[in-house]
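[1] Predicted structure and sequence below. I'll ask about it afterward.
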Amino acid sequence: MTESASPHISQPRIMVLGVQPGTPPFRIMEIDGVVVGSARAVTDVLETAALYGINVHDLDDPDVVRWVGGDKFTWHHH
């Protein structure tokens, strides 16, 4: 398979990992493959991204943010 025939797999700059148990529960955030902190809500994701110069216009865009173990509404451990 040539490179042009392979499917596009995006590598977003922001990854929000699965919910971790805690009081309150949190999600670990990575930017450019480096753990940069934790998020307890969508606002934390946006604020942390802004600190790294990333303006997020669409939290549902997989080329911008990859949500692992849930989506932008998943903030509690099941």
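    On my side now, so go ahead. Numbering: from 1, shown residues only.
[2] Low-confidence regions, this structure specifically.
    Applying pLDDT under 70 to the chain picks out residues 1-10, 78.
[3] Do a quick rundown of the strands in it.
    14-20, 26-31, 34-39, 65-67 (DSSP state E).
[4] residues in contact with the first one?
    It stands for strand 14-20. Taking contacts as CB atoms under 8 Å, 6 or more residues apart in numbering, the residues outside strand 14-20 that touch it are 25-31, 38-39, 45, 49, 54, 56, 64-70, 72, 74-78. Every residue, glycine included, has its C-beta placed from N, CA and C.
[5] report the angle between the axes of it and strand 34-39?
    50 degrees (axes from the mean of the first three to the mean of the last three CA atoms, to 10 degrees).
[6] What about residue 16, how many residues nearby?
    Counted by other CB atoms under 10 Å, the residues lying close to residue 16 total 26.
[7] And residue 17, by the same measure?
    Residue 17 has 18 nearby residues by other CB under 10 Å.
[8] which one is it nearest to, not counting chain neighbours?
    residue 28 (4.4 Å; CB to CB, 6 or more residues apart in numbering).
[9] Quick one: residues contacting that neighbour.
    16, 17, 20, 35, 37, 38, 39.
[10] Over to residue 30?
    14, 15, 16, 17, 36 are the contacts of residue 30 under CB under 8 Å, 6+ apart.
[11] could you redo the last one with a cut-off of 7 Å?
    Residue 30 sits next to 15, 36 when contact means CB atoms under 7 Å, 6 or more residues apart in numbering.
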